[in-house]
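A.B. asks: Give me a 3D structure for the following:
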Amino acid sequence: MRTNKTKAKLAANQCAIGAGIAFPSPDLVELCAVVGFDFVTFDTEHEPMGSEQVVHCIRAAEAYDMTPIVRVSRNPDLILKFMNAGAQGIHVPRCTTANDLKELVKWTRFHPLGERTFYNRGRSGDFSVGVTDTAAWAQAANSELLVIGMVEEVKALENLDEMLKVPGVDAIHLGHMDLWQSMGMPPDMKGVFETIDEIARRGVAAGKHMSHTIRLTDDAVHRMGAYMKIGSRMFTVSPLDFLRQGGVKLTKAVRDMEKKVLAR
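C.D. replies: As a prediction, the model looks like this:
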C-alpha cells in the first residue's frame, strides 16, 4: 500500500497544495508534479472525463509520487471504480447532512468503518501480488485513503455540528460559489467568505482538515495565509488560472508593444 503523502502532510500539520484538473491530460499531471504540487484532483463532477482517461491520469500522478484525488458525484459505483483504479482520495460534493457523510464513509471504507465492496485484484491492490494478509491490506487501505466531503450549501450550517462528528471523513472542502448561490447570490459575495471562515473555524475545532479552492488573483497567497491562521491546511488551485492570467498579460503586452513599434 503506497503512502498517501498528502494525508501524511495534513497529519503533520503541514500545508498541502494541489491542482484541480479540468480535462484529462497525463502531461499536465506530470507538469503539476514537477512544479511542486502535492496532489491533483480530477474533476469528474463538472467535466466529461471518462473513467479510462482518469485512470491514465492517476498513473501519471503515481509515477511522480503525487496524490491522485477524484472529485466525483454521489455515485457509489463510480466511487468504487475510481478507488479500485488507484485513487488515493475521494472528493464528494453536496454534503449537507450527517447522513450524507455517513453514506460516504460506508462507500469508501472497509469494515469496521464502512461497507466498501472488498476487492484487491486491481491496481489499488497491486493486482493482489504479494498480499498475504487481506485484513491487513484492508486496514492499510482505510488508513491511506483521504475521504473529503464538500460543504457548499447554506443549509449545511444547520447540520454542521453533527456532520463534523462523523468518523471516517478526513477533510471538509468548502465550495464558495455554490455557497454564494445557495445564499441567494448576494452582491459582491456579501457574507459568503465570512460564512466560510465560520465553517473553517468550527471544522478545525472539531478535528477535521479544512480544504479550500483558491482563485489565483493577486491576493491569492495572502488569502491562503489567512486560512492557514484559522487552521486550514489544504488548498487547491486551477492550472488554467496560470494560462488565463499569464496569457492575457502576455498578449496584451505584445499588442501594446506592436502598436508602439508599428506607429514609428
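A.B. asks: And the strand or helix carrying L31, what's buried?
C.D. replies: Here L31 sits within helix 26-35, counting by DSSP states H and E. Residues of helix 26-35 classed as buried by neighbour count (16 or more other C-beta atoms under 10 Å): P26, L28, V29, E30, C32, A33. (Each C-beta comes from the backbone N, C-alpha and C, glycine too.)
A.B. asks: Reformat the residues you listed as CSV; add distance to L216 and pLDDT.
C.D. replies: Shown next, in CSV, are the buried residues of helix 26-35 (distance: C-beta to C-beta, whole Å; pLDDT from 0 to 100):
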residue, distance to L216, pLDDT
P26, 23, 97
L28, 16, 96
V29, 19, 97
E30, 20, 97
C32, 14, 96
A33, 19, 97
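A.B. asks: just curious, which of the residues you listed is nearest to P186?
C.D. replies: Each of the buried residues of helix 26-35 was checked against P186 using C-beta to C-beta; the closest is C32, at 33.8 Å.
A.B. asks: That closest one - nearest residue in space that isn't next to it in sequence?
C.D. replies: A19 (4.3 Å; C-beta to C-beta, 6 or more residues apart in numbering).
A.B. asks: on that earlier part again, which of the buried residues of helix 26-35 sits closest to A61?
C.D. replies: Taking C-beta to C-beta as the measure, A61 lies nearest V29 of the buried residues of helix 26-35, at 5.4 Å.
A.B. asks: and the nearest residue to the closest one once chain neighbours are set aside, how many neighbours?
C.D. replies: In this structure, V29 finds its nearest non-sequential neighbour in A60, 4.0 Å apart by C-beta to C-beta, 6+ apart. Burial of A60, expressed as a neighbour count using other C-beta atoms under 10 Å, amounts to 21.
A.B. asks: Which positions within the helix or strand containing A60 qualify as buried?
C.D. replies: Take DSSP H and E as the rule and A60 turns out to sit in helix 51-63. For helix 51-63, the neighbour count (16+ other C-beta under 10 Å) marks Q53, V54, V55, C57, I58, A60, A61, E62 as buried.
A.B. asks: Contacts for that helix, please.
C.D. replies: Contacting residues not belonging to helix 51-63 are listed as 2, 21, 24-27, 29-30, 33, 39-40, 42, 44, 67-68, 70, 78, 81-82, 85-87, 123 [C-beta atoms under 8 Å, 6 or more residues apart in numbering].
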